[in-house]
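J.: Make a model of this:
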Amino acid sequence: MKDHELAQWGQDRLNEWFECFQFDGFEEFNSGVYMLVTFAALLNIIDFAGEVDPALAQSATRAADLLLERLAMHTFRGGILAPMGRIYRSVLYPYRQGSMALMNLLDPAQPWDYAEGWLAFLATSHYQLPEQAVRLLSAQIHETYTTGNALIRLDKTDDTLLTSVASPRTDGARRWPNIALDSMPYQEGHTYTRSMNERFHGTSCFEPGTHGYQQHLWYAALSGDVFLFVNHPGSTSEGGDMRPGYWHGNSIIPALTQTQDELLMIYRIPDHDPVHFVHLFCPFARADRVVEENYWLFLQKDSGMLAFWTSARMEPFDGLLAGCERRMYGDSTACVVRVSGREQGLSFEDFQADCLAHPPVWDDVHCKLHTRSAHLEWTPGHVETRCL
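T.: Predicted coordinates:
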């Protein structure tokens with residue numbers, strides 16, 4: 001292939017990628033690992049494609065701006081806390097994820113990470129960081145947005161953060177077609193490449209009971225280092241190399257919904273799955289106050305408060321990390337998270353009393369979960385995108 005033919009081939013492929021991106025956004029969205037790689041690639045297009053195709057450079061600039069703005073939206077008190085299309089063990093350390101290096105560029109007061117050297121691309125780039133992203137770091141945000149097939153909700157105040165993907169989506173949106181499901185022989189073009197990537201590296205179309213990979217579904221946080229989440233692990237050992245892993249990803253996707261200050265989820269583990277528990281991660285020692293009472297867990301950090309309820313008894317378990325894990329054994333588990341801050345005007349004791357006086361209602365037979373403000377029912381999904 002001659003140089004001009006190769007250049008045209010690359011130009012055509014990039015235009016195809018940006019056309020998909022315009023409608024669907026990022027598939028491995030908000031990844032604490034891979035957003036850095038994407039950012040570096042976009043910088044190359046911004047810096048070197050302009051003379052050949054100015055529109056390409058403009059498209060890359062818009063994509064880089066959106067990447068930074070989304071990560072800034074999810075940055076909360078020193079950590080990136082976001083649902084992610086692909087992640088590894090750094091899910092346990094929001095303040096040390098590689099993408100924090102990008103947030104440190106926006107605001108040097110944010111924690112810094114080496115980021116595997118990907119920021120070297122920025123050293124000789126003429127790309128200008130978007131001012132809007134800097135403002136989003138500390139803004140109060142109540143927003144729902146789509147990326148890939150995922151519908152993501154973010155509620156960030158000065159004291160608390162709650163964010164999740166919807167499983168399933170109930171807004172009537174239709175997913176993009178995965179053509180590799182119908183035609184396995186290779187086809188030229190980004191649509192087929194993306195379809196195969198979804199089959200092998202996990203979908204962004206979340207539905208209850210389907211198989212997950214390395215997607216992270218939600219966080220509830222009082223700071224960048226005081227937070228919790230629940231997942232259904234892909235192995236029973238923290239030392240394993242499975243994907244999904246012990247903490248990163250979900251072997252079985254739950255039903256999941258969120259309101260402004262409350263998150264509901266239901267897990268149902270099928271008989272054929274080898275792991276019959278879900279577990280909670282929380283660095284308890286970093287909280288100002290921790291109270292465990294029956295099926296409730298209460299946390300306080302500064303002016304933020306968080307309550308976690310589960311239908312199964314929480315059993316402490318120490319793996320590679322001590323004092324951070326609670327397991328909930330069983331095939332059917334419901335969980336609820338509530339957050340509250342200074343705007344609500346409640347003391348920690350009042351917050352506990354209010355939660356205890358209004359417990360969730362869980363119907364295990366029909367898999368229905370009710371709270372004062374929300375309802376969730378588990379119904380099986382039918383997304384077949386993984387090569388199992």
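J.: so where does the closest residue to residue 168 other than its chain neighbours fall, helix or strand?
T.: Leaving aside its sequence neighbours, residue 168 sits nearest to residue 207 (Cβ to Cβ, 6 or more residues apart in numbering; 4.6 Å). (C-beta placed from N, C-alpha, C; glycine too.) Under DSSP states H and E, no helix or strand contains residue 207.
J.: In terms of pLDDT, where does residue 207 sit?
T.: We have a pLDDT of 95 for residue 207.
J.: Pull the contacting residues for it.
T.: By Cβ atoms under 8 Å, 6 or more residues apart in numbering, the contact set of residue 207 is 167-168, 253, 380-383.
J.: Next up, the contacts around residue 81.
T.: Residue 81 makes contact with 74-75, 94, 161, 163, 219, 221, 224, 227, according to Cβ under 8 Å, 6+ apart.
J.: Same question for residue 269.
T.: By Cβ under 8 Å, 6+ apart, residue 269 lies in contact with 232, 252, 275-276, 278, 330-332.
J.: now with 10 Å?
T.: 209, 232, 251-252, 254, 275-278, 330-333 (Cβ atoms under 10 Å, 6 or more residues apart in numbering).
J.: re the thing from before, in PyMOL, how would I select just the buried ones from the contacts of residue 81?
T.: The PyMOL command for the buried members of the contacts of residue 81 (criterion: 16 or more other Cβ atoms under 10 Å) is given here:
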select buried, resi 74+75+94+161+163+219+221+224+227
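J.: quick one: which of the contacts of residue 81 sit in strands?
T.: 161, 163, 219, 221, 227 (DSSP state E).
J.: The helix or strand residue 4 falls within - contacts with which helices or strands?
T.: Under the criterion of DSSP H and E, residue 4 resides in helix 3-24. Here helix 3-24 touches helix 34-48, helix 54-73, strand 141-147, helix 190-201, going by 3 or more Cβ pairs under 10 Å, 6 or more residues apart in numbering; DSSP states H and E.
J.: Relative to the whole chain's centre, how far out is the helix or strand following the second one?
T.: The reference is to helix 54-73. Following helix 54-73 in sequence order, the next helix or strand is helix 100-106 (DSSP H and E). Distance, stretch centre to chain centre, for helix 100-106: 18 Å (Cα atoms, centre = their mean, to the nearest Å).
J.: Repeat that for stretch 11-29.
T.: 20 Å.
J.: Repeat that for stretch 343-361.
T.: Centroid separation for stretch 343-361 versus its chain: 27 Å, with Cα atoms, centre = their mean.
J.: The residue nearest to residue 168 and residue 149: what is the separation?
T.: To residue 149, residue 207 is 10 Å away according to Cβ to Cβ, to the nearest Å.
J.: coming back round to it: what's the most distant pair in the ones in strands among the contacts of residue 81?
T.: By the measure Cβ to Cβ, 163 and 227 form the most distant pair in the ones in strands among the contacts of residue 81, at 10.4 Å.
J.: shared neighbours, the two?
T.: Each of 76, 81, 219-221 lies in contact with both residue 163 and residue 227 under the rule Cβ under 10 Å, 6+ apart.
J.: how about a markdown table for these, with distance to residue 245 added?
T.: Shown next, in a markdown table, are these (distance: Cβ to Cβ, whole Å):
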| residue | distance to residue 245 |
| --- | --- |
| 76 | 24 |
| 81 | 19 |
| 219 | 17 |
| 220 | 20 |
| 221 | 21 |
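J.: Nearest to residue 365 among those?
T.: Set against residue 365, the nearest of those by Cβ to Cβ is residue 220 (27.7 Å).
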